[in-house]
Structure formats: structure tokens, C-alpha cells
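# Next comes the sequence, and after it the predicted model I'd like to discuss.
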2 protein chains.
Amino acid sequence: MESIHLIIELFECDENKIKEIKPVKEIMDSVLLVSGMEKIFDFYHQFEPYGVSGVCLVKQSHISIHTWPEKKYAAMDIYTCGDAEKAREACKKAIELFNSKKWDVKEIKRGFVEKE
Amino acid sequence: MESIHLIIELFECDENKIKEIKPVKEIMDSVLLVSGMEKIFDFYHQFEPYGVSGVCLVKQSHISIHTWPEKKYAAMDIYTCGDAEKAREACKKAIELFNSKKWDVKEIKRGFVEKE
């Protein structure tokens, strides 16, 4: 069993896409579609005056998002024991849809790493 | 704004503590208490015949858990923009309560890292 966890730092995002739940959830759903992961449950919280946190539990683990619109910054995680290549595609989709101009992605292997 | 994200690999856990929601949720609540983080919402999913996924959204970001009892393995995340030292204490508490005999913890800085 091997999983990958993408730690995604999205800087210089379009702040209007990360202020409120509606656009954030729409983007998360698009990202999820690309990832091929199957949603079990999701939940989003609106911070005042702006900012959103959301987690989406999927059969393959989870996707999460936390936004700081005043910094044009969002922190996303895509963690899957499913298809790694699709997870990377989903990450690209998130960068595109949040209009992030600067990003950093760390890929971490988790679980039982098979010996090569 | 700087956050820390603890990527916690718990091997050789007590499998009876990671098979079903009840003990997992109890441990997560204890971990949360140590972390000083404030819960907004949590959700747990029972896999059949065993295994649990859970996410707890907190004001400071989130805690999550995914368990594979057949491997005596659990993958936990503690991600906080709050007190880093308390998050590390919460991680120790998780290791203790899941009776993990072997673990790996990666600490990742996220957000805007202040220049030293």
C-alpha cells in the first residue's frame, strides 16, 4: 500500500475565488473530478469577513483547502491511495482554476513504500 | 502567517484501536484537546470490514486520520496555524494512544515563512 500526498501552496491567487464558499467548493469539485477520487462527504466553513476552510473525505483519503484571501494565498492538500498521475493532474487544475501565479508543490510518499 | 503541518506515519499500532470509529474518534478528541485547537466540525467514515477515515476541521486548519488495520498502520495529519509546540505535543499523544511502536513524523512549514 503506497499513497501520495501533495502539499500544495498556492500564492498570488485570484482573491475573489477564495473569499467565499461557493467558488471554492466549485473549484474543489472540479479538482475532485480530475482526480478520479470518489467523494464520501464534504464540509465547508465560512470565516468572517472572508476566508474558507473545506475538507472532502474521499474513498482514497482526502482533499482539503484553507484560504487567506488577504494574502491571496490558499493551502491545499491532495492525499490519495489511488491514481498518483491523476492526483498530479488535479493539482494542475487547482493552480489553473484559482489563477495562482506562483506555487509550490511537495510530493510526499506515505504508507508502505515498496522496495524497488 | 506561518503554519506547521505534521505528516505522521503510525506503524505497528494496536489494531483494535484503529478498526472502528468509536476508539478512533475518542483518540482524535484527546489529540485535539492537547493541541489546543478549536473544533468546527468533524466527520468519520467506517470502511467495511474495518478501517476508518476521519477529518476534523478546526479554526486553525485541520486534523485527519486514515487507518489500515490489516497493516496496523494509520496516517495522521495535524495542520495548524496556531501553537506549533502544542501540535507536537498532540502528535506525541497520538503515538501513545494508538500504541504505535514505530513512527515517522515530518514537519513541514507552510504559508508565508518569515525571514530570519
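Received it, and whenever you're ready, just let me know what you need.
# thinking residue A:17 is in contact with residue A:100, fair?
No. With contacts counted by C-beta atoms under 8 Å, residue A:17 stays clear of residue A:100, the gap being 9.5 Å. C-beta coordinates here come from the backbone N, C-alpha and C atoms, glycine included.
# quick one, phi/psi of the residue positioned nearest the centre of chain A?
Note on chain A: the residue nearest the mean C-alpha position is residue A:76, at 3.8 Å, using C-alpha atoms, centre = their mean. Main-chain dihedrals, residue A:76, degrees, to the nearest 10: phi -120, psi 150.
# if I pick the closest residue in space to it that isn't next to it in sequence, what's in contact with it?
Once flanking residues are discounted, residue A:76 sits nearest to residue A:8: 4.1 Å by C-beta to C-beta, 6 or more residues apart in numbering or on different chains. Listed by C-beta atoms under 8 Å, 6 or more residues apart in numbering or on different chains, the contact set of residue A:8 reads A:75, A:76, A:77, A:78, A:91, A:94, A:95, A:103, A:104, A:105.
# Now do the same for the residue nearest to the centre of chain A: its pLDDT.
On pLDDT, residue A:76 comes in at 98.
# List the beta-bridge partners for it.
Counting by DSSP bridges, residue A:76 is bridged to residue A:8, residue A:65.
# buried ones in the helix or strand hosting residue A:90?
If you go by DSSP states H and E, residue A:90 is part of helix A:84-97. By neighbour count on 16 or more other C-beta atoms under 10 Å in any protein chain shown, the buried set for helix A:84-97 is A:86, A:87, A:88, A:90, A:91, A:93, A:94, A:95, A:97.
# average model confidence for the very next helix or strand once past that helix?
Per DSSP H and E, the first helix or strand lying C-terminal to helix A:84-97 is strand A:102-111. For strand A:102-111, mean pLDDT rounds to 96.
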